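[1] The sequence and its predicted three-dimensional model are supplied below.
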Amino acid sequence: MVPLIEAVDVSKRFAGGLGRESTLALTGLSLAIHPEKPSVIAVVGESGSGKTTLARLLLGLAEPTGGEIRYRGADLKRLDRSGRRAFRRDVQAVFQDPYGVYNPFYRVDHVLKTPLRRFRLADSRAEARQLIDHALRAVGLQPEEILGRFPHQLSGGQRQRVMVARALLLQPKLIVADEPVSMVDASLRATILGSLRQLTDEQGISILYITHDLATAYQVSDSILVLYRAHLAEAGAVERVVTAPRHPYTQLLVSAIPRAHAARDWLAQEEASGPNGVTPTATGCCFAERCPVAMPACLAAPPGLYRTEPRRAVACIQYQDCPELPLGDPGQVLSV
Amino acid sequence: MHAVDDVSFALMPGERFGLVGESGSGKSTLALAILRMIKPPGQITAGEVRLAGTRFADLDEEGIRALRLAGIALVPQGSMNSLNPVSRIGRQITDAFADHGLRLGPAEQDRRVSALLAEVGLSEGIARMYPHELSGGMKQRACIAIAISLRPRVVIADEPTSALDVVVQRQVMATLARVQRDLAAAVILIGHDMGLMAQFVDRLGVMYAGRLVEVAPISEIITSPRHPYTRALIAALPSLERRGTLAGIPRLAPLLRELPPGCAFHPRCPQATDRCHIEKPMVRDVAEAQVACHLA
């Protein structure tokens, strides 16, 4: 079946102004979202890894400099008016900052009514109200506590859930959630992510969960992509990738999470992981200068993508004896 | 209304003390109260702060000002963004010297700035750079360098790593730990991440609705948390061992101007009894912990 949305070997390069070098934000990545198999896919990485760039490309907010984004098989750039409209409805976004997306002069109702009007989803006020009530309840909010209020009268967690409800109103096939919980408390994080997970399980909506937090990614997603400096490092079933990471960068990410254990080894590990003395090259693996197991071959050429297990792909030379996959395309291990 | 109500704790020299709680629990307000930096109309209506026996209440405004940075230094929340964007890092450090009446020759000033930057793991060239030329982790280290520039006895760090990713977070916390050991200073770490607390502090205070509801050595808190709220905070931390175990704390924290009667946590507490609805629990000693809960 044709994927709902598909990134085919996409790259994004930002031009440098005033004689500065251009910046590579994403390199040759492929990813397909299949509407018949709804799931939560996490995209994890540090700042500058390219995860937000991927989100913006899939949302049509930025154009790739290489490769293409396809919506139901057609290049997103070449969609006609009605195709564009269908795309705008099928693919919804939830952003990081639940404060910045509201107009402070309008009541919260405004952000919920606008999409209904734009897409003519309700024939009467009563029907609109019914749809809004339903969407708010789906994310665990009581309509009477939310409607008629101004944004500043709601908590950050409530505001973020209203954004999820807004996305829901359009009955999308995919929600791209870029760091949806990084600005709320740990206790609310669980609640918001729980309502996102429910959308997949109960309403068949796929979620692309963009985050720097590997622990929440592990809790809510089915599969995961780990990006490092514009490159895919590791991808596969979240259970395996997080509990037994294979790429040295994923291993570093997992070990850097402070655990609520009585064993206190977290800071000691940092003191042990100093620079490795490797000078990076333009041609080699982008992680070489931080990698504890870097070898001369890592500097000569970028690593291939190897299928270490049925549901895992790793871009690291240590696994070169495993079957090789097309570079930057973990599709085969994600869709098993 | 009281943002912080009847909170007492003692900090030992060289100790790392954590303050944890949800947004609005009063943890940042407590930090500002300790430094006497509460802005009007807010005010400290009762209680006192003593540093090595000196009562802050006995100091005049000038005395308090001298004490900040030299006695107690704050690494404020979002401090990376509190650096002056149009001033070089070195200048921002020497401003602190000048502000506290230290008249140093240019050579001595440069020597001290380099030493401070080295202490937080930054090269001396950073002194000539502007904040926008630094990464988030480097800016946060620069803030720590400013905070320790006058060798304070207490450093209060308010969510020092909340905007950083985990790898950089660990680097910054390791820097803070090393600096603290070198200065033999005490640290108050404010935050909401139980994992970070478990790995960094010696003792933890759990704040809820402006009160300390549990204070205990961190190993006690992690192995046998006594307050139901402490248990909920630990449970809200996403586990890396078992999937599908993510649990939020039901309902929202109460607004400070409409606190429920009895125990402020009772509407969200899975174990609340009739007594919890009526009677406010007082802080009691339970083994090595101080706990404000009828059930502990």
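    Here it is on my side, so go on. Residues are numbered from 1 along each chain as shown, chains lettered A, B, ... in the order given.
[2] All the strands of the chain, in order from the start?
    Assuming you mean chain A. For chain A, applying DSSP state E gives strands covering A:5-14, A:23-33, A:40-44, A:66-71, A:74-75, A:91-94, A:174-178, A:206-211, A:223-228, A:231-237, A:305-309, A:312-314, A:324-325.
[3] try chain B instead
    Taking DSSP E as the criterion, chain B carries its strands at B:16-20, B:50-51, B:54-55, B:72-75, B:154-158, B:186-191, B:203-208, B:211-217, B:284-286, B:289-291.
[4] Throw the ones you listed into a markdown table and include distance to chain A, mean pLDDT and mean neighbour count, thanks.
    Glycine gets a C-beta too; all of them are placed from N, C-alpha and C. Rendered in a markdown table, the data for those read as follows (distance: least, CB to the nearest CB, whole Å; pLDDT from 0 to 100; neighbours: other CB atoms under 10 Å in any protein chain shown):
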| stretch | distance to chain A | mean pLDDT | mean neighbour count |
| --- | --- | --- | --- |
| strand B:16-20 | 9 | 94 | 25 |
| strand B:50-51 | 27 | 76 | 14 |
| strand B:54-55 | 32 | 78 | 12 |
| strand B:72-75 | 17 | 88 | 24 |
| strand B:154-158 | 14 | 91 | 24 |
| strand B:186-191 | 10 | 93 | 24 |
| strand B:203-208 | 11 | 94 | 25 |
| strand B:211-217 | 11 | 93 | 24 |
| strand B:284-286 | 19 | 92 | 12 |
| strand B:289-291 | 15 | 93 | 21 |
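[5] Among these, which comes closest to residue B:82?
    For the strands of chain B, distance to residue B:82 was read as CB to CB. The smallest value, 9.2 Å, belongs to strand B:72-75.
[6] same for that closest one, what does it pack against?
    In terms of contact count using 3 or more CB pairs under 8 Å, 6 or more residues apart in numbering or on different chains; DSSP states H and E, strand B:72-75 is assigned the packing partners helix B:136-147, strand B:154-158.
[7] by contact count, what packs against the shortest one?
    Meaning strand B:154-158. Based on contacts counted as 3+ CB pairs under 8 Å, 6+ apart, the elements that strand B:154-158 packs against are helix B:27-34, strand B:72-75, helix B:136-147, helix B:166-183, strand B:186-191.
[8] how big is the angle separating it from strand B:16-20?
    Counting by axes from the mean of the first three to the mean of the last three CA atoms, to 10 degrees, strand B:154-158 lies at 30 degrees to strand B:16-20.
[9] Flag the shaky bits of chain A, pLDDT-wise.
    A:18-19, A:271-275, A:336 (pLDDT under 70).
[10] Spatially central residue for it, please.
    Closest residue to the average C-alpha location of chain A: residue A:210 at 2.5 Å, with CA atoms, centre = their mean.
[11] Just give the closest residue to that one, not the sequence neighbours.
    Taking CB to CB, 6 or more residues apart in numbering or on different chains as the measure, residue A:210 lies nearest to residue A:178, with 4.4 Å between them; neighbours along the chain are not counted.
[12] thinking again about what came up before, how about the strands of chain B in CSV, adding distance to residue A:115?
    Formatted as CSV, the entries for those read as follows, by distance: least, CB to CB, whole Å:
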stretch, distance to residue A:115
strand B:16-20, 39
strand B:50-51, 56
strand B:54-55, 59
strand B:72-75, 42
strand B:154-158, 38
strand B:186-191, 37
strand B:203-208, 38
strand B:211-217, 43
strand B:284-286, 53
strand B:289-291, 49
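[13] Which of these sits closest to residue A:141?
    Counting by CB to CB, residue A:141 lies closest to strand B:203-208 out of those; the figure is 23.4 Å.
[14] Could you dump the strands of chain A into a markdown table and include distance to residue B:48?
    What follows is those, written out as a markdown table (distance: least, CB to CB, whole Å):
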| stretch | distance to residue B:48 |
| --- | --- |
| strand A:5-14 | 55 |
| strand A:23-33 | 53 |
| strand A:40-44 | 47 |
| strand A:66-71 | 62 |
| strand A:74-75 | 69 |
| strand A:91-94 | 46 |
| strand A:174-178 | 46 |
| strand A:206-211 | 44 |
| strand A:223-228 | 51 |
| strand A:231-237 | 53 |
| strand A:305-309 | 62 |
| strand A:312-314 | 58 |
| strand A:324-325 | 66 |
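[15] for the residue nearest to residue A:210, what are its contacts?
    Taking CB atoms under 8 Å, 6 or more residues apart in numbering or on different chains as the definition of contact, the neighbours of residue A:178 are A:51, A:52, A:55, A:93, A:94, A:95, A:96, A:210.
[16] Just list the residues touching the residue of the stretch 1-150 of chain B found nearest chain A, thanks.
    Relative to chain A, the nearest point of the stretch 1-150 of chain B is residue B:22 (4.9 Å; CB to the nearest CB). In this structure, residue B:22 makes contact with A:185, A:187, A:188, B:192, B:208, B:249, B:253, judged by CB under 8 Å, 6+ apart.
[17] Neighbours of the second one, how many?
    Counted with other CB atoms under 10 Å in any protein chain shown, the neighbours of residue A:187 add up to 25.
[18] right, and it touches residue B:231 too?
    No - in this structure, residue A:187 sits apart from residue B:231 without contact. The criterion is CB atoms under 8 Å, and the distance is 11.9 Å.
[19] where does the stretch 1-150 of chain B dip in pLDDT?
    Screening the stretch 1-150 of chain B residue by residue with the criterion pLDDT under 70, one finds the ranges B:1, B:38, B:40-41, B:79-80.
[20] Can you name the residues of it that neighbour chain A?
    Along the stretch 1-150 of chain B, the residues adjacent to chain A under the rule CB under 8 Å from any CB of the partner chain are B:22, B:23, B:136.
[21] where do the helices sit along the stretch 1-150 of chain B?
    Under the criterion DSSP state H, counting those that start in this stretch, the stretch 1-150 of chain B carries helices at the ranges B:27-34, B:61-70, B:89-99, B:106-119, B:136-147.
[22] Deepest in the core, which of those is it.
    With neighbours defined by mean count of other CB atoms under 10 Å in any protein chain shown, none of the helices of the stretch 1-150 of chain B is more surrounded on average than helix B:136-147, at a mean of 24.
[23] Packing partners of it?
    strand B:72-75, helix B:89-99, helix B:106-119, strand B:154-158, helix B:166-183.
[24] The same query, at a cut-off of 6 Å, please.
    Here helix B:136-147 touches strand B:72-75, helix B:89-99, helix B:166-183, going by 3 or more CB pairs under 6 Å, 6 or more residues apart in numbering or on different chains; DSSP states H and E.
[25] can you count the residues close to residue A:20?
    As a burial measure, the neighbour count of residue A:20 was computed by other CB under 10 Å and equals 8.
[26] Out of the contacts of residue A:178, who's the most crowded?
    When neighbours are counted as other CB under 10 Å, the busiest of these turns out to be residue A:210, with 30 neighbours.
[27] Chain B contacts on the stretch 151-300 of chain A?
    Residues of the stretch 151-300 of chain A that fall close to chain B, judged by CB under 6 Å from any CB of the partner chain: A:185-187, A:190-191, A:212, A:215-216, A:219, A:256-260, A:262, A:264, A:266-267, A:270.
[28] What remains of the residues you listed if I keep only buried residues?
    Neighbour-count burial (16 or more other CB atoms under 10 Å in any protein chain shown) applied to these gives A:185-187, A:190-191, A:212, A:215-216, A:219, A:256-260, A:266-267, A:270.
[29] returning to what we had before: could you provide the helices and strands packed on helix B:136-147 in CSV, with additional columns for distance to residue A:107?
    Supplementary listing: these in CSV, determined by distance: least, CB to CB, whole Å:
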stretch, distance to residue A:107
strand B:72-75, 38
helix B:89-99, 43
helix B:166-183, 38
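[30] Quick one: closest of the ones you listed to residue A:285.
    Each of the helices and strands packed on helix B:136-147 has some distance to residue A:285 by CB to CB; the shortest is helix B:166-183, at 17.2 Å.
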